[in-house]
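Novice: need a structure here:
(one chain, ligands or ions: 2)
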Amino acid sequence: MMFKKILAFIFFLIIAAPTVAVAGQVKALKVTVLSTMLADQGVGEWGYSALVEVDGRKFLFDTGSNPDVVLKNAKSLGINLSEVEDVVISHNHDDHTGGLILLRRELMKQNPRSMSRVHVSANIFQSRFGSDGADHNGLSPLRNEFENLGGIFVLHKSAKELMHGVWFTGSIPRIHPETNWSTDGLKFRTAAGDITDNVPEDAAMVFSTTEGLVILTGCGHAGIINISEYGQKIAKAAPVHAVIGGIHLFAKSDAVVDWTGEHLHRLGVKYLLAGHCTGIEATWRLRSALGLTRKTAPISSVGSSFTLGQGVYPGNIAR
Ligand SMILES: [Zn+2]
Ligand SMILES: [Zn+2]
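Specialist: Ligands and ions are numbered 1, 2, ... in the order given. Predicted structure coming up:
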């Protein structure tokens, strides 16, 4: 009898105890890669996209390169993207913007609000001129068509907490001399003359979690160390638990990759799901610098994922 009373009391405590809400911290997070070079399910391409599922809400981060790849890959993975209303676009390059129009056009048939809001840095539409005199901005040509489909661009002048513990960085200060971009000589025209396009709008998503920060980056043109340290500044001064996405090290020297590895190690990275422009050699080299394994730092493929509290699912080809 006494035992039953104790059990009932414990049950009462569990029911009555208030849920402990930690300010600005996400509880559940899953990031699933929908576009990158390697694929054992779906189609690989030079591009990047990932679905973010965080505390009951979904975001699409970047939209791949070929118009139909993210749609096709989501379908082959059994993922329905129609309930995703918010898109985050990391920067203007067309290997991150290519799917936007077709995603909106197709998915709004199922849900008028699907893919209707696109978060970008305020300077993303700046013109970048090549030697042919043309503007090579990869997002500007899509702007009218997207807005005619009822979509809106939300231009962020600075970092913004999109929801509890979920940050859009906006433009990232270039503190460390990371030069992780290849714009093939594109220039901004200014009153003082032409200046190199260093992709100043490059932005990332930062998730503040109980394990530390999770960073999601498209091409990492701002430099993954600059991105991570800015994440610590805006979201929380915590170790970086996981880095996901493209880090644009494929063409860099071993010395640059090693420098990056040392700093990621200092920041405390426990999981690395690097894909796209990171490069295969660079990913292996970073894995070694971080003391990680094939289970914690596989090469990202279509369908690979990171789940907070569970770690990385590599897919078959990268197992
Ligand atoms: Zn890029
Ligand atoms: Zn890219």
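Novice: number of residues surrounding whichever residue of the stretch 51-200 of the chain sits closest to ligand 2?
Specialist: Among all residues of the stretch 51-200 of the chain, residue 95 sits closest to ligand 2, at 4.3 Å; criterion: CB to the ion. The C-beta positions use only the backbone N, C-alpha and C, and glycine is treated the same way. Neighbourhood size, residue 95 [other CB atoms under 10 Å]: 23.
Novice: and what of the one 3 residues further on?
Specialist: Residues within reach of residue 98, counting by other CB under 10 Å, total 25.
Novice: who's in contact with the closest residue in space to it that isn't next to it in sequence?
Specialist: Beyond its immediate neighbours in the sequence, the residue positioned closest to residue 98 (CB to CB, 6 or more residues apart in numbering) is residue 65, lying 4.3 Å away. The neighbours of residue 65, taking CB atoms under 8 Å, 6 or more residues apart in numbering as the test, are 35, 45-47, 94-96, 98-99.
Novice: show the buried residues in those.
Specialist: Neighbour-count burial (16 or more other CB atoms under 10 Å) applied to these gives 35, 45, 47, 94-96, 98-99.
Novice: tell me how far the residue positioned nearest the centre of the chain lies from ligand 2.
Specialist: By CA atoms, centre = their mean, the mean C-alpha position of the chain lies nearest to residue 216, the distance being 3.2 Å. Here the distance between residue 216 and ligand 2 works out to 13 Å (CB to the ion, to the nearest Å).
Novice: per-residue confidence at that residue?
Specialist: The model reports residue 216 with a pLDDT of 98.
Novice: what about residue 260, which SS state?
Specialist: Secondary structure assignment for residue 260 (DSSP: H, G, I helix; E, B strand; the rest coil): helix.
Novice: just the helices from this protein, written as ranges.
Specialist: Secondary structure of the chain (DSSP state H): helices located at 2-16, 69-76, 94-97, 100-107, 140-148, 224-234, 254-267, 280-290.
Novice: got the ones you listed as JSON lines, with distance to residue 154 and mean pLDDT columns?
Specialist: Written out in JSON lines, the entries for the helices of the chain read as follows (distance: least, CB to CB, whole Å; pLDDT from 0 to 100):
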{"stretch": "helix 2-16", "distance to residue 154": "40", "mean pLDDT": "50"}
{"stretch": "helix 69-76", "distance to residue 154": "20", "mean pLDDT": "98"}
{"stretch": "helix 94-97", "distance to residue 154": "15", "mean pLDDT": "98"}
{"stretch": "helix 100-107", "distance to residue 154": "14", "mean pLDDT": "98"}
{"stretch": "helix 140-148", "distance to residue 154": "12", "mean pLDDT": "98"}
{"stretch": "helix 224-234", "distance to residue 154": "17", "mean pLDDT": "98"}
{"stretch": "helix 254-267", "distance to residue 154": "29", "mean pLDDT": "98"}
{"stretch": "helix 280-290", "distance to residue 154": "32", "mean pLDDT": "97"}
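Novice: show me the contacts for the residue nearest to the centre of the chain.
Specialist: 31, 50, 52, 61, 204-207, 244-245.
Novice: same question for residue 104.
Specialist: Contact analysis of residue 104 by CB under 8 Å, 6+ apart lists 114-116, 146, 149, 151.
Novice: ok, residue 267 to ligand 2 distance?
Specialist: For residue 267, the distance to ligand 2 equals 22 Å [CB to the ion].
Novice: so that residue makes contact with residue 238?
Specialist: No: in terms of CB atoms under 8 Å, residue 267 does not count as a neighbour of residue 238; the distance is 9.8 Å.
Novice: more neighbours: which of those two?
Specialist: residue 267 (22 against 17).
Novice: who's the closest residue to that one other than its chain neighbours bridged to?
Specialist: What sits nearest to residue 267 in space, not counting adjacent residues and going by CB to CB, 6+ apart, is residue 240, at 4.2 Å. Beta bridges link residue 240 to residue 213, judged by DSSP bridges.
Novice: look at the nearest residue to residue 32 once chain neighbours are set aside and say how many residues are nearby.
Specialist: In space, residue 32 comes closest to residue 305 once its chain neighbours are excluded; the distance is 4.3 Å by CB to CB, 6+ apart. Residue 305: 21 surrounding residues under other CB under 10 Å.
Novice: relative to residue 109, how far out is residue 305?
Specialist: If you measure residue 305 against residue 109 using CB to CB, to the nearest Å, the figure is 27 Å.
Novice: with residue 279 instead?
Specialist: Noted for residue 279: a distance of 38 Å to residue 109, by CB to CB.
Novice: quick one, which of these two is more surrounded?
Specialist: When neighbours are counted by other CB under 10 Å, residue 279 comes out ahead of the other of residue 279 and residue 109, with 22 against 9.
Novice: residue contacts, the closest residue to that one other than its chain neighbours?
Specialist: Nearest non-adjacent residue to residue 279, counting by CB to CB, 6+ apart: residue 250, 2.9 Å away. Residue 250 makes contact with 277-282 under the criterion CB under 8 Å, 6+ apart.
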